[in-house]
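S.K.: coords below, sequence missing:
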C-alpha cells in the first residue's frame, strides 16, 4: 500500500506540473535541489525529480534515493531506468544495487544482464546484482556469458559482493579458481579478491593444490589477496615454502606474507630467513615483522630465549622510532613475562603519550597476576592516551587472572573516575570495558544514567551508542524508559540502536515518531562557496612527511567537500595527527582529540556515489551511517568492501609516496584549498 500511495503522488504531481511553466529549469539548479532533498531525506521530492525530462537529473535523483535506501522507490526507479539513455542507465543501475537486497531488484537486474549488450552498463549491473540479488541468483550470475575480459572482471566482483554478504557456494568457488588461470591481470586480481572474501576451508580445500600452483607462478602484485584468502586455513607445508619466496616481494605482498607466517611453527633457520626484514627501509614492513615476533610458533628445539635475545639486540639500536621500540617491547613482554615488568614501568617515564599507551598495552599482554597488580596500583596515567590504554588492558586481562574483592574495588574506582572524566574517548572506552558480566554491576545504575544524560550529539554519538548497549544488558523499568526516549532521538543511528536494544529487552517492536526533526548540529551548506570549490576542486595536505595533493569530488559528495574545505579554511586541521594507521589499508586523521573519538561539533550525512575506493582515495570515517564529522581516511590500496558504505570525496593525484610513509602520530601541518 505504501508503494502504491508513493506512485500515485508522483503520477499526480507529474500531471499537474505539465500545466505549469517552470521558471528555473537549469541542471545546476536542480542538482542542488537534489543535494538538499537527499540531505533532508525527502523521498517524495526526489521522486518528482526522478521523472524529470532531463535524464541527467533523473540519474542523479536515483543516486540520492539510493542513499536513502527505501525499497518503496524501486518500481519507479526500474521504470525510469527502462526509459533512460545509456549514460543515465549506469547511475540508475548503481542505485538499484545500492538500495539493498530485494526480490524485484534482483530479478530485474538479472533479466537486464541477459538482454543489454552495452558493456559499461553491464559492468555496473554485475556488481549491482552482487549487492542486491537473492541467494538463489548467485548461480544464475555465474552462468551469464561475458563480452570481454574487462566485463569478466566486473562479473567476478559481482560474485565478490555476494561473498561480502556471506553468500558463496561450491559453484562460485570453482568459478573463481578457474578464472585465476586466465592470463589477464584484472581478472586475476578480481578473482583473488573474491576468493579472499569467499574464504571457506570446506569449500576451498579441494582446490588448494591448484591455487598453490597458480600462486607460486603468479607475478601479479595483487596476489596478496590470494595470500590473505589462504592465511585463515590450517598450516600447509607447501604454502609455507611458497610464502618464503614472497618475503622480498612488493610491500603489499610482504605484509600479507609476514602475517600469514604467524601460524606456522618455524625452525631457527627459517626464522633467520625472515630476520633480514629488520633492515627494511619501510617502517610498515618493520612494524609488521616486530608484531610477527610476538606470535612466533616454535619448531624443534627452538626456545623463547632465542627470540628474546633477537628482540634485545634490535632494541640496542638507538635509531629505532618510538613505534618500533613499542612493538619490540610488546614482543619482549610476551617471552619474558613478569621479569620485564620493572623495565616497562621505567619506560613509562617517556614524555611521548602514545608510546606510554603502547607500553601499558605490553604490560596488559603479559596477562599475569603481577601484570594486573601493576596496572591497578603502579600506573598513574596522566593523559588521555594512557588512561584509555589502562582501561582497555584491565578489561583485556580480566579473563586471564583471578580478581579478588579488593582488586574489584580498585577497578570500580578507576572506572567510576573515568566515567566522570568528561572526555568522550575515556568515557566510551570505560563503557565498552564495563559491558561484561564481571564488571557491569560494579557501577551503580544512577551513575550510568547520570553520565549518559550528560552526553551530547553529535560528537558523543559513539559513547551514547555504547551506553544504550550497556543499559540494555542491565534492563529494568528505568532503563526501558531511557531507551524509549532514545527511540525518538534526532540521530538516526541512536534511534535504530535503541529500537534494536528494546526488542532484545522486551521482545516488542518500537517505531520512531515520523515528525522527529533532524540533527540540530548539522552542517549548513553555502552554495556560492560550493560553486567556488567546483571551479578549483583541490586541496593540499601538508604533513611532516611531505605534501599530498588531492582532487576533490564535489558533485559526488557536496556536503562532505564543503565541510572539509570550510574546516580547512578555518585551519581546523592544522597540527592534528594521523591517529590511526593500518598497513595496506588506510591512514586516518582529522580528529581534534587525536584519539579517534573527536569531531568538529556538527555532523554530516553519508553521501554514497558510484565512486569506488581505489588506491589513494579519500573517505569519511563514521560511527555508523550519517555520523560523519571531520575524521577522514586515505586508502593504501583498493578496498572494495568500503564501496557503497562510506563517503568517497576525493583521490590523491600527487604524493601517494607520502601517504605510504605516514605512521601513527605523524602531524598534519596544514590542509588548504588550492585556488
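M.R.: Sure thing, it's come through. What you see is a predicted model; the values in this text were computed from it and never measured. Residues are numbered from 1 along each chain as shown.
S.K.: Quick one: the strands in the stretch 451-600 of the chain, in order.
M.R.: Counting by DSSP state E, counting those that start in this stretch, the segments of the stretch 451-600 of the chain that form strands are 538-543, 546-552, 578-582, 586-589.
S.K.: And those: which comes nearest residue 253?
M.R.: Judged by Cβ to Cβ, the one of the strands of the stretch 451-600 of the chain that comes nearest to residue 253 is strand 578-582, at 16.8 Å. Every C-beta, even on glycine, is put in place using the N, C-alpha and C of the backbone.
S.K.: Could you pull up the contacting residues of residue 274?
M.R.: 247, 258, 261, 266, 289, 292 (Cβ atoms under 8 Å, 6 or more residues apart in numbering).
S.K.: Check the gap between it and residue 628 for me.
M.R.: 41 Å (Cβ to Cβ, to the nearest Å).
S.K.: sorry, back to before: Throw the strands of the stretch 451-600 of the chain into CSV and include mean pLDDT and distance to residue 467, thanks.
M.R.: CSV is the format used below for these (pLDDT from 0 to 100; distance: least, Cβ to Cβ, whole Å):
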stretch, mean pLDDT, distance to residue 467
strand 538-543, 98, 34
strand 546-552, 98, 36
strand 578-582, 98, 23
strand 586-589, 98, 24
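S.K.: What is the helix or strand hosting residue 33 packed up against?
M.R.: Applying DSSP states H and E as the criterion places residue 33 in helix 27-39. When contacts are defined as 3 or more Cβ pairs under 8 Å, 6 or more residues apart in numbering; DSSP states H and E, helix 27-39 packs onto helix 43-50, helix 55-68, helix 558-569.
S.K.: Including mean pLDDT, distance to residue 667 and mean neighbour count, could these go into TSV?
M.R.: Putting the helices and strands packed on helix 27-39 into TSV (pLDDT from 0 to 100; distance: least, Cβ to Cβ, whole Å; neighbours: other Cβ atoms under 10 Å) gives the following:
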stretch	mean pLDDT	distance to residue 667	mean neighbour count
helix 43-50	94	42	20
helix 55-68	95	34	24
helix 558-569	98	15	22
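S.K.: Indicate which one of these is closest to residue 658.
M.R.: It's helix 558-569; of these, that one is closest to residue 658 (Cβ to Cβ) at 17.4 Å.
S.K.: what's the offset of the closest one from the middle of its chain?
M.R.: Distance, stretch centre to chain centre, for helix 558-569: 21 Å (Cα atoms, centre = their mean, to the nearest Å).
S.K.: how big is the angle separating that helix from strand 546-552?
M.R.: In terms of direction (axes from the mean of the first three to the mean of the last three Cα atoms, to 10 degrees), helix 558-569 departs from strand 546-552 by 150 degrees.
S.K.: what distance separates the start and the end of stretch 607-614?
M.R.: End-to-end span of stretch 607-614 (Cα to Cα, to the nearest Å): 17 Å.
S.K.: buried stuff in that stretch?
M.R.: 607-611, 613 (16 or more other Cβ atoms under 10 Å).
S.K.: Pull the residues that contact that stretch.
M.R.: For stretch 607-614, contacts defined as Cβ under 8 Å, 6+ apart pick out 38, 63, 66-67, 90-91, 94, 98, 124, 553, 556-560, 617, 619, 635, 638-640, 642-649, 651.
S.K.: Can you say which of those are buried?
M.R.: 38, 63, 66-67, 90-91, 94, 98, 124, 553, 556-560, 617, 619, 635, 638-640, 642-644, 646-649, 651.
S.K.: Output the helices and strands packed on helix 27-39 in CSV; the columns should cover distance to residue 433.
M.R.: Formatted as CSV, the helices and strands packed on helix 27-39 follow (distance: least, Cβ to Cβ, whole Å):
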stretch, distance to residue 433
helix 43-50, 41
helix 55-68, 35
helix 558-569, 32
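S.K.: who wins for proximity to residue 529 among those?
M.R.: Among these, helix 558-569 sits nearest to residue 529 (Cβ to Cβ), with 6.3 Å.
S.K.: quick one, that closest one and helix 27-39 angle?
M.R.: 90 degrees.
S.K.: list the helices and strands helix 558-569 packs on?
M.R.: Under the contact definition 3+ Cβ pairs under 8 Å, 6+ apart, helix 558-569 sits against helix 27-39, helix 527-535, strand 538-543, strand 546-552, strand 648-654, strand 668-673.
S.K.: Tabulate these (a markdown table), appending distance to residue 353.
M.R.: Shown next, in a markdown table, are the helices and strands packed on helix 558-569 (distance: least, Cβ to Cβ, whole Å):
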| stretch | distance to residue 353 |
| --- | --- |
| helix 27-39 | 38 |
| helix 527-535 | 36 |
| strand 538-543 | 19 |
| strand 546-552 | 24 |
| strand 648-654 | 29 |
| strand 668-673 | 17 |
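S.K.: closest one to residue 424 among these?
M.R.: Using Cβ to Cβ, the helices and strands packed on helix 558-569 put strand 668-673 closest to residue 424, at 20.9 Å.
S.K.: Sheet partners, orientation included, of that closest one?
M.R.: strand 538-543 (antiparallel) (DSSP bridges).
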